[in-house]
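S.K.: coords below, sequence missing:
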């Protein structure tokens, strides 16, 4: 993470944290009474995930399963739907999002099914309409008290965001399918826990047309990702744990070479060490540092390697206010090409840092704000992007069956590639019904 990014992030993080700390201190000094129902913060509990018996959905029981249906109705105004640097186009987007979760209610083991969709319609630009959906299942088998098996599978159909560095600028968004599966087993020997895991992801991109009537071939982006991992964790004390994790991956593209004659197959590994800390549920989080490398079969693609970091810290400043801070640096896949030099990007290091604040203004009124800054550093081409995000949101809980909310989001990208720069403002109104 370079100095420019650090200097951009640090003031925002410190400002937000300072404001929340001052607010919490003011509350304590003013003698404001905290509701008795949340005087004791339970371990891992925050403003957003706290149980609210008067507003949480009950669901419908079917034997030993609970069925939880939900429907979101969104109205959004976006002033730059194509994420362009000039000639911005705005539009209103209406989205309907049905979702259902079927969750087991067993004392041992767990089984969960989920299905949902997002169907969006643009008022003036119907070429951007989308129908995304996903289905998943996951479960846990409690073999012994100290031995667990977990696994899951998921299928999702999505569209590529116009702001993606890999967007091919077709007459409509690129649609792609992802089929995923994972399995993990863990066993605890006294204070040591050994975890073995495996994951598989299959990406299938649809072709998309151009304004000239031609077709953009996206088949050379189709690929399979396979990863295996092992983690050893040691419980230093209750709620304090140190761990070491290693992972090896293979990324295999369906096409031997893409349309540019490049072989994008690769393999890589990651080794990290970290700690998980929990100070009585008031402050808790995970921290890790390590090294990651991705080596590509084609000599035209440079190896992407370097340090990786991660941190996710939650601080319950008061029982009514939660602050979450996060930092990460990871390697992502990329198919970008430098239009000037003709060179190809092998991957990109994505670094980000941010902070969010959630506050329970009233028992049924929740407020939130967040700010973050990110950097996309492309390997093999002369391109670095800096992305800044900020937003505020509010939710009013009417009863256990309905709530309404609104949000404002700002996003800006600066880039070495002038045409990749953009600013975007989004206003959203949501009505949610549930059972």
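M.R.: That came through fine. As the structure is a computational prediction, the values presented were derived from the model and not from experiment. Numbers count the residues shown, from 1 in each chain.

S.K.: where does the stretch 251-400 of the chain have low pLDDT?
M.R.: 339 (pLDDT under 70).

S.K.: for this protein, which segments count as helices?
M.R.: 3-30 (DSSP state H).

S.K.: thinking residue 232 is in contact with residue 194, fair?
M.R.: Yes - with contact defined as CB atoms under 8 Å, residue 232 counts as touching residue 194 (5.8 Å). Quick note: C-beta positions are derived from backbone N, CA and C, even for glycine.

S.K.: how about stretch 88-107: buried residues?
M.R.: By 16 or more other CB atoms under 10 Å, the buried positions in stretch 88-107 come out as 88, 91, 93, 95, 97, 99, 101, 102, 104.

S.K.: ok, now which ones touch the closest residue to residue 265 other than its chain neighbours?
M.R.: Closest residue in space to residue 265, ignoring its immediate chain neighbours: residue 297 at 4.6 Å, by CB to CB, 6 or more residues apart in numbering. Residue 297 makes contact with 263, 264, 265, 266, according to CB atoms under 8 Å, 6 or more residues apart in numbering.

S.K.: how far away is the closest residue to residue 170 other than its chain neighbours from residue 167?
M.R.: Counting by CB to CB, 6+ apart, residue 208 is the residue found nearest to residue 170 once chain neighbours are left out, at 3.2 Å. Distance, residue 208 to residue 167, using CB to CB, to the nearest Å: 10 Å.

S.K.: can you check residue 365 too?
M.R.: 38 Å.

S.K.: cool, and residue 178?
M.R.: Residue 178 is 17 Å from residue 167, by CB to CB.

S.K.: pretty sure residue 110 is touching residue 140, no?
M.R.: Yes - using CB under 8 Å, residue 110 makes contact with residue 140 at a distance of 4.3 Å.

S.K.: so those two - more neighbours on which side?
M.R.: residue 140 (18 against 15; other CB atoms under 10 Å).

S.K.: residues in contact with that one?
M.R.: Contacts of residue 140 by CB under 8 Å, 6+ apart are 109, 110, 148, 149, 150.

S.K.: turn those residues into TSV, including pLDDT.
M.R.: As requested, the contacts of residue 140 are exported to TSV (pLDDT from 0 to 100):
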residue	pLDDT
109	96
110	97
148	97
149	97
150	98
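
S.K.: let's have the residues you listed in a markdown table, adding distance to residue 280.
M.R.: Formatted as a markdown table, the contacts of residue 140 follow (distance: CB to CB, whole Å):
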| residue | distance to residue 280 |
| --- | --- |
| 109 | 30 |
| 110 | 27 |
| 148 | 25 |
| 149 | 31 |
| 150 | 27 |
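
S.K.: filter those residues down to the buried ones, ChimeraX style.
M.R.: Only the buried entries of those go into this ChimeraX selection, using 16+ other CB under 10 Å:
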select :148,150
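
S.K.: how about the strands of the stretch 201-350 of the chain, start to end?
M.R.: Ranges of strands in the stretch 201-350 of the chain, per DSSP state E, counting those that start in this stretch, are 208-209, 215-216, 223-237, 240-253, 266-279, 283-296, 304-318, 321-333, 347-362.

S.K.: what strands flank the second one, and is each parallel or antiparallel?
M.R.: Here strand 215-216 has these sheet partners by DSSP bridges: strand 208-209 (antiparallel).

S.K.: give me the contacts around the partner strand.
M.R.: Contacts for strand 208-209 (CB under 8 Å, 6+ apart): 168, 170, 171, 172, 173, 174, 175, 215, 216, 218.

S.K.: apart from its chain neighbours, what residue comes closest to the last one?
M.R.: Excluding the flanking residues, the one nearest residue 218 by CB to CB, 6+ apart is residue 205, at 3.8 Å.

S.K.: quickly list what that neighbour is bridged to.
M.R.: residue 176.

S.K.: the chain should start at 112 in everything you say after this.
M.R.: New numbering, starting at 112: the last item is residue 316.

S.K.: that one: neighbour count?
M.R.: 22.

S.K.: verify the stated contact: it with residue 333.
M.R.: Yes - Residue 316 lies in contact with residue 333 (CB under 8 Å); the separation is 5.9 Å.
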